[in-house]
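Undergrad: Can you look at this prediction? I've put the sequence above it.
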Amino acid sequence: MSEYPNDSDSIKSNADYIEAFLDSLFLEQGLSDNTLSAYRSDLDKFCQFLVKSSRDISLMEVESHDIEAYLAYRIDSGFKSRSTARSISALKRFFLYWVKEKAIAVTPLLSIAQPKIAQSLPKTLTEQEVEALLDAPDTDDALGLRDKAMLELLYATGLRVTELVGMRIEQINLRQAVVLVKGKGGKERLVPMGEEALHWIEQFLKVGRSQLIKHATDFVFPSKRGVGMTRQTFWHRIKHYAILANVTSPLSPHTLRHAFATHLLNHGADLRVVQMMLGHSDLSTTQIYTHVASERLKSLHQQHHPRA
């Protein structure tokens, strides 16, 4: 497929091509480690498929029939359409990069359609379940006070968990009751936190945080070891409080983010305002929450209307 000679002696293997591509994503777009890891995983899996199918070739020699065979393999193996769509998206971006770098003349995915994926509604919580979850931490304890402040802020702002655990002191403006969120691709947005979240953050900063800090750190919510908390640790904390609050609805790391968006729309918030607060670049990503709100209205109608 390649019509251009590759003059770089430093790029000799598929792993080198992948690393060079990932480096460009990091340097030019500032993508997170999690996103880069997902790209690497998808590209590595495609390389593994090429080896297994006796096509142990350079990625610069891949042709459209190789991509079609990979798609067929994933379908036959029972991979979910969403996972396959993400994999194809990674391959498209990879090959377009090397077209731009003139290592290949044309992308082998030119005629490959993106797999259709069914729109799945995000799992969310009722307002009563959220209240129970937020009331679960023991605020007489430094860790409980920290967790209370984190849960309140998460529900008040719709932050991603990674945005929450990575938050630094300079990102919080208590006087104006806003947080400066550093989201995907290095994009920043200002989000109001509301009175309740403001109150608990102030309490934690005054009383609880100093009890957790063992050495200088600018993380707002340090772990019990006094360092930055991982998103996995906070996710375990959420599950712990869900058990205490007897919340049995399905949970995910994004559950409170979904609840934030759904409850705002249920109470009449404008879709574009919710989009800005969530940090979605595309309004269509936010529109799924209107379906969640609609489903909730249908459920209430069926429960309470005499002719439903």
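TA: Everything's here; your move.

Undergrad: domains in this structure, as residue ranges please.
TA: Annotated domains of the chain cover 14-100, 127-304 [automatic domain parsing].

Undergrad: Tabulate those (TSV), appending mean pLDDT and distance to Ser111.
TA: Any C-beta I mention is one placed from the backbone N, CA and C, and that applies to glycine too. Listed next are these as TSV, based on pLDDT from 0 to 100; distance: least, Cβ to Cβ, whole Å:
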stretch	mean pLDDT	distance to Ser111
domain 14-100	88	6
domain 127-304	80	25
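
Undergrad: Let me see the ranges of the strands in the protein.
TA: Along the chain, counting by DSSP state E, strands occupy 172-173, 178-182, 188-192.

Undergrad: Can you spell out which helices and strands pack onto the shortest one?
TA: What that stands for is strand 172-173. Helices and strands touching strand 172-173, by 3 or more Cβ pairs under 8 Å, 6 or more residues apart in numbering; DSSP states H and E, are strand 178-182.

Undergrad: Pull the distance from the strand it packs on to the chain's centre.
TA: Centre-to-centre, strand 178-182 and its host chain are 17 Å apart (Cα atoms, centre = their mean, to the nearest Å).

Undergrad: One more: stretch 160-179?
TA: Distance of stretch 160-179 from the chain centroid (Cα atoms, centre = their mean) equals 17 Å.

Undergrad: same check, this time on stretch 99-112
TA: 29 Å.

Undergrad: got the buried residues for it?
TA: For stretch 99-112, the buried set under the neighbour-count rule, 16 or more other Cβ atoms under 10 Å, comprises 101, 103-104, 107-109, 112.

Undergrad: Can I get those residues in a markdown table including pLDDT and distance to Glu68?
TA: Listed next are the buried residues of stretch 99-112 as a markdown table, based on pLDDT from 0 to 100; distance: Cβ to Cβ, whole Å:
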| residue | pLDDT | distance to Glu68 |
| --- | --- | --- |
| Glu101 | 91 | 24 |
| Ala103 | 90 | 22 |
| Ile104 | 91 | 17 |
| Thr107 | 90 | 14 |
| Pro108 | 89 | 9 |
| Leu109 | 87 | 10 |
| Ile112 | 75 | 7 |
